[in-house]
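K.L.:
Show me the folded form of this:
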Amino acid sequence: MSQSSLNAGLDRIPPVTQDQSPPERVPGGVDVIADLCGRIATGVFYGMDDRTGRILHMASLMAPREVQGSVPALKAWLCGELSERRRLGVARYGMALQAGNGRDPEADLRQELFDAAAYSHQAELERQAIHYADPTYCPHCDKHGCIVREDGTHAGCGRPVRP
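P.N.:
Next up is the predicted model:
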């Protein structure tokens, strides 16, 4: 994969010029997402908190199948997703996320992680609802099409249809 396609996500980060930034912009503040995408694209993670790497790993598990298994494609996908978050932040707040902006990033992170846990659980419940709508789905075998015996148990595992 070429360097230009590797940096495809980075190419989508528009530069923020002084005339676009509101007066409350932190002087000399680091554009957090641009910095993170730069580190992802170049593989330079020196000084990065291990949490950030673990969170990026969790995000990479959500990548489309065609991206998984290719480090350059995964890096470009991660940067593209982050770039979209940056674009939304600029549209919503008038500026990109800046380091030193006066907010408590630990509190923001904690809140976002709880939101992520809730969304993950919501997705799990919705997957279960789809499975449970099918009487041949066996949660123990995690497959559809199980033969249900007259006594209400699955032929594959012998457990009840609805535990």
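
K.L.:
for the residue most central in space within the chain, what are its contacts?
P.N.:
Nearest residue to the geometric centre of the chain (C-alpha atoms, centre = their mean): A59, 3.4 Å. A59 is in contact with L78, E81, counting by C-beta atoms under 8 Å, 6 or more residues apart in numbering. Using the backbone N, CA and C atoms, a C-beta is placed for each residue, glycine as well.

K.L.:
Could you give the separation of the helix or strand harbouring W77 from the chain centroid?
P.N.:
For W77, the element it lies in under DSSP states H and E is helix 71-93. Offset of helix 71-93 from its chain centre (C-alpha atoms, centre = their mean, to the nearest Å): 10 Å.

K.L.:
And the next helix or strand past it?
P.N.:
Counting by DSSP H and E, the element after helix 71-93 in chain order, helix or strand, is helix 105-132.

K.L.:
Quick check: the gap between the residue nearest to the centre of the chain and A155.
P.N.:
Applying C-beta to C-beta, to the nearest Å, the value for A59 to A155 is 40 Å.

K.L.:
what's the answer for D134, then?
P.N.:
In terms of C-beta to C-beta, D134 sits 15 Å off from A155.
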